[in-house]
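Asks: Okay, predicted coordinates and the sequence, questions at the end:
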2 protein chains.
Amino acid sequence: MRDVAHLAGVSHQTVSRVVNDHPNVRSETRERVLAAMRKLDYQPNAAARTLATNRSQTIGLVTFDTTLFGPSFMVHAIERAAREAGFFVSIASARELDVASVREAIRRLREQSVEGIVTLAPVAAAWTALGQVPLDVPIVAVGIDGDSHPEVPMVAVDNAAGAALATRHLIELGHPTVYHVAGPADWPEAREREAGWRAALEDAGRPVPAPLPGDWSAQSGHAAGLRLAADPSVTAVFCGNDQMAIGMLRALHEAGRTVPRDVSVVGFDDVPEAPYLQPPLTTVRQDFAELGRDSLNLLVTQISTGVRRTGQHRSAPSLVVRHSTKALAQ
Amino acid sequence: MRDVAHLAGVSHQTVSRVVNDHPNVRSETRERVLAAMRKLDYQPNAAARTLATNRSQTIGLVTFDTTLFGPSFMVHAIERAAREAGFFVSIASARELDVASVREAIRRLREQSVEGIVTLAPVAAAWTALGQVPLDVPIVAVGIDGDSHPEVPMVAVDNAAGAALATRHLIELGHPTVYHVAGPADWPEAREREAGWRAALEDAGRPVPAPLPGDWSAQSGHAAGLRLAADPSVTAVFCGNDQMAIGMLRALHEAGRTVPRDVSVVGFDDVPEAPYLQPPLTTVRQDFAELGRDSLNLLVTQISTGVRRTGQHRSAPSLVVRHSTKALAQ
DNA sequence: CTGTTAGCGCGTTCAA
DNA sequence: TTGAACGCGCTAACAG
């Protein structure tokens, strides 16, 4: 910057004014400075600005497993939205699913003076950690059950509603009951989906079979599928996500049970491959891109207005009916 | 930090020495300082340190489409490795696939004084942009054809070798030739795979059918599959990635052609769902986690030694034979 | 409209 | 072993 000032024959302060679009600069001077900046390929120094203004123009992202479809998609959507809002994004992943790891990730972000934090770690441990974070930096939680920490605003799809959508769809198709392959118990999203499934079943006066444990992976869906296939009374299964549904489809096929003729299967997420599975998967769609954008905008609003927001911001998922579900043959 | 110094009854540089594990501090003083730090929940200020040392402890990640399996997996692996090496990571995604977008992403990272850059944007435009980057910050390119920019070290699987592996596997199974669904032409990885497939075919003296265009998506694989299914002479297909193979499997099924009885299909990547597709997919495995770690370690080595590395670092992919390929019935 | 001064929090260099 | 002075590149406050 000093060099630029020298070359343009002005003080470094004037250069600073030009960089920050300050109004009180004669346009002629401004041009001279801009020319010097181009000539020297001037790069502003974000660290110096951060130090002087106490504003880093950076938001932090706490992630856990970005190899899953949802989180990885949202990282993308959030980075995009952040760039448009003029923010850098720094990521910090939690090593484990425990409170200490999430706190550590948040600590690292705070060390970088981030102006706000979005947490994509939808695990029970995360909100315990969030409750312990000093409230001087705005936080938005994505996909976390915010009931226990109403002071942290949360963005998520209405998992229970989505699960109920799937379950009612199967009930309306004439299935006496619906089995469920659940996600990991320490993920609030998994619990919400299970709760939605359970409630829909109870509302319809149907028996509630024990949910089968899963871990979001196709492998766990496959294992659950092999168990369910052994029981001829099983005609409908709601899987906690699409990956597990893929494993389920495979297991049923291996066991000689045809989908959807013998068994109907519904997933959750609507991954891009869902229409091309065999059969094309009926599933609950959630719009991850919108979720990512919304969470960032909520954060940016808090940063720029200084007003803390709270409460849950739920978006409505929708059911996409394809060919893995069918009316029960009497 | 001033507060800590005050509380501990020392000067702020003594605190600085403690923070940086400087040897010349009496252990008693050190303890007093540490106690004060804990008491005040002291957070070092990364911006100030960056300004004073000109070292940001941050590496930058240039991404393009993190919704694809490979890139999203590597973001995760790289963040992990970076954390262990004591680096923060800041991400900047390229808006488009053009040179300007990649340059802009790199500019944003440089503004943050990153000490090194890993680029996960495996598109032709990326290396054009890389060639224009001032060489004062080390760069490692992942999955980019480094031939045209030997000064930028590159880490990738040997795509051509992987494609040849797949193609030879099909030839050895008795297929007269192998069709190919290619990835986007502006991705070097797609071109390398196509080249490997072509070379294997030529080496075996087989005819080389025109490759079908794809864009990595299941949808494009499905479209290609519908075209191939119309030709009864097609008995073997090598898809540029697993997503396209999923679409291919579906299209062949719709057209009444059974895999692997009528047509054999091979993918590339070995996504976690591959073993659970119908049929379980024979594919070329690449170890994204290792790729991510390697790229980061290569970068950290350059940063800490100050020695620039060059050249290509290729890792060998392997063929995973499952049930989507079968000897051609005579 | 523009320049001068001071300081953001930290590390480095020199003295003590 | 510790402290004082200085500067990293920038912005904020004031002066001109």
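Replies: That came in fine, so what should we check first? Numbering: from 1, shown residues only, chains lettered A, B, ... in the order given.
Asks: where does the stretch 51-200 of chain A have low pLDDT?
Replies: The stretch 51-200 of chain A contains residues with pLDDT under 70 at A:123-124, A:134-135, A:144-149.
Asks: Give me every residue in it lying close to chain B.
Replies: A:51, A:56, A:58, A:63, A:65-67, A:69, A:72-73, A:75-76, A:79-80, A:83, A:88-93, A:95, A:107-108, A:110-113 (CB under 8 Å from any CB of the partner chain). Every residue, glycine included, has its C-beta placed from N, CA and C.
Asks: of these, buried ones?
Replies: In terms of neighbour count (16 or more other CB atoms under 10 Å in any protein chain shown), the buried residues within these are A:51, A:56, A:58, A:63, A:65-67, A:69, A:72-73, A:75-76, A:79-80, A:83, A:88-93, A:108, A:110-113.
Asks: So which of the residues of the stretch 51-200 of chain A next to chain B sit within strands?
Replies: Using DSSP state E, the members of those that fall in strands are A:58, A:63, A:88, A:89, A:90, A:91, A:92, A:93.
Asks: Surely the third one is in contact with residue A:57?
Replies: Think residue A:88. Yes: shown here, residue A:88 and residue A:57 form a contact pair, counting by CB atoms under 8 Å, at 5.9 Å.
Asks: what touches both of these two?
Replies: residue A:46 (CB atoms under 8 Å, 6 or more residues apart in numbering or on different chains).
Asks: Tell me which residue of the stretch 201-330 of chain A lies closest to DNA strand D.
Replies: residue A:304 (14.4 Å; CB to the nearest atom of the strand).
Asks: And for that residue, the neighbour number?
Replies: For residue A:304, the neighbour count with other CB atoms under 10 Å in any protein chain shown is 11.
Asks: mind pulling up the phi and psi values for it?
Replies: The phi and psi values for residue A:304, taken as degrees, to the nearest 10, are phi -80, psi -30.
Asks: Excluding chain neighbours, give the residue nearest to residue A:107 in space.
Replies: The shortest distance from residue A:107 to any non-neighbouring residue, by CB to CB, 6 or more residues apart in numbering or on different chains, is to residue B:43 (7.5 Å).
Asks: what do you get for residue A:171?
Replies: Per CB to CB, 6+ apart, closest to residue A:171 is residue A:204, 5.1 Å.
Asks: Which residues lie in contact with the closest residue to DNA strand D within chain A in this structure?
Replies: Residue of chain A nearest DNA strand D, by CB to the nearest atom of the strand: residue A:1 (2.3 Å). Taking CB under 8 Å, 6+ apart, we find residue A:1 in contact with A:12, A:15, A:16, A:19, A:42, A:44, A:45.
Asks: can you list the residues you listed in CSV and add secondary structure and pLDDT?
Replies: Output for the contacts of residue A:1, formatted as CSV (DSSP: H, G, I helix; E, B strand; the rest coil; pLDDT from 0 to 100):
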residue, secondary structure, pLDDT
A:12, helix, 90
A:15, helix, 89
A:16, helix, 90
A:19, helix, 90
A:42, coil, 90
A:44, coil, 91
A:45, coil, 92
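Asks: At the contact with DNA strand D, which residues of chain A appear?
Replies: Applying CB under 7 Å from any atom of the strand, we find that chain A lies next to DNA strand D at A:1-2, A:12-13, A:16, A:19-20, A:44-45, A:48-49, A:51-53.
Asks: can you name the two of those residues that are farthest apart?
Replies: Within these, A:2 and A:53 form the most distant pair, 18.8 Å apart (CB to CB).
Asks: Tell me which stretches of the stretch 151-300 of chain A form helices.
Replies: Under the criterion DSSP state H, counting those that start in this stretch, the stretch 151-300 of chain A contains helices at A:159-172, A:188-203, A:218-229, A:242-254, A:288-305.
Asks: Pick the most deeply packed of those helices.
Replies: helix A:242-254 (a mean of 26; mean count of other CB atoms under 10 Å in any protein chain shown).
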